[in-house]
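K.L.:
Attaching a predicted model along with its sequence, questions to come.
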Amino acid sequence: SGNTFQNLTAVTPWRAAGVAVYGGENNTLQNLYVADTLTYAGITISSLNFGYPFQGFGTQPTTIQNASLVRDGGHFWGGQVFPAIWVYSATQPFQGIRVNNVDITDPTYSGIMFQTDYVGNTAQNPITDTVFTNVSITGAQQSGDAYNAKSGYGIWANPLPESGQGPAVGSATFNHLTESNNYINIQNTTSTFTITVNP
């Protein structure tokens, strides 16, 4: 709690995200540049605890701001595709997320993807109290590779990321969203996730 991570650059990471945050609260990540990730997201926001006693996200906001994400995302883990920003609610509470002033350019598969982890047929934790403000997504086009059907989305509520999982659960709000040159701006075929876009 109470940490600031700033002025960070990650270029061509091959086995991880450029930047990732897995819980905590009242933390800020700012002034970020991530380009050309090979398998994972540019930024991962996740409440997965990996079997360790992480606390999950607290009620005081976790803020990610002033980020440029260029040609990010990849595929891994048996054919799952990853976006420029991966929002993954999992084993711990997922709440209090604020993403501000982010430019996403030419993501490999999608700009922002929402995903929820399941145990059996039950979602572990929903995505709650998550707000994106002043986000632009440009150039999310179909990939033309084996994962073409999972690509081209500016914003995607993933209905079936991996075998044994289910659709994204919860909600997210976007304020002042700008999208251009995407195959599909918003793709949400679920009945379990709500995307609200405000002017």
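P.N.:
Okay, I see it. Predicted, not measured: the structure shown is a model, and the values here were computed from it.

K.L.:
what residue is smack in the middle of the protein?
P.N.:
W86 (2.1 Å; CA atoms, centre = their mean).

K.L.:
Now for the residue nearest to that one when sequence neighbours are not counted: which residues touch it?
P.N.:
Closest residue to W86 apart from its sequence neighbours, by CB to CB, 6 or more residues apart in numbering: A41 at 3.8 Å. Quick note: C-beta positions are derived from backbone N, CA and C, even for glycine. Contacts for A41 (CB atoms under 8 Å, 6 or more residues apart in numbering) come out as A17, G18, A20, D72, G73, F82, P83, A84, I85, W86, M113.

K.L.:
same thing but 10 Å
P.N.:
13, 16-20, 34, 69, 72-74, 81-88, 107-110, 112-113 (CB atoms under 10 Å, 6 or more residues apart in numbering).

K.L.:
ok, now N31?
P.N.:
T4, F5, Q6, N7, L8, T9, Q65, N66, A67, S68.

K.L.:
element containing it?
P.N.:
If you go by DSSP states H and E, N31 is part of strand 28-35.

K.L.:
in its sheet, what does whichever helix or strand comes after that strand sit against?
P.N.:
Downstream of strand 28-35, the first helix or strand assigned by DSSP H and E is strand 43-46. When pairing is defined by DSSP bridges, strand 43-46 lines up against strand 19-21 (parallel), strand 85-89 (parallel).

K.L.:
still on that earlier bit, residues touching the residue nearest to the centre of the chain, list them.
P.N.:
Neighbouring residues of W86 by CB under 10 Å, 6+ apart: 17, 20, 40-46, 72-73, 110, 112-115, 158, 161.

K.L.:
mind running it again at 8 Å?
P.N.:
Going by CB under 8 Å, 6+ apart, W86 touches A17, Y40, A41, I43, T44, I45, S46, M113, Q115.
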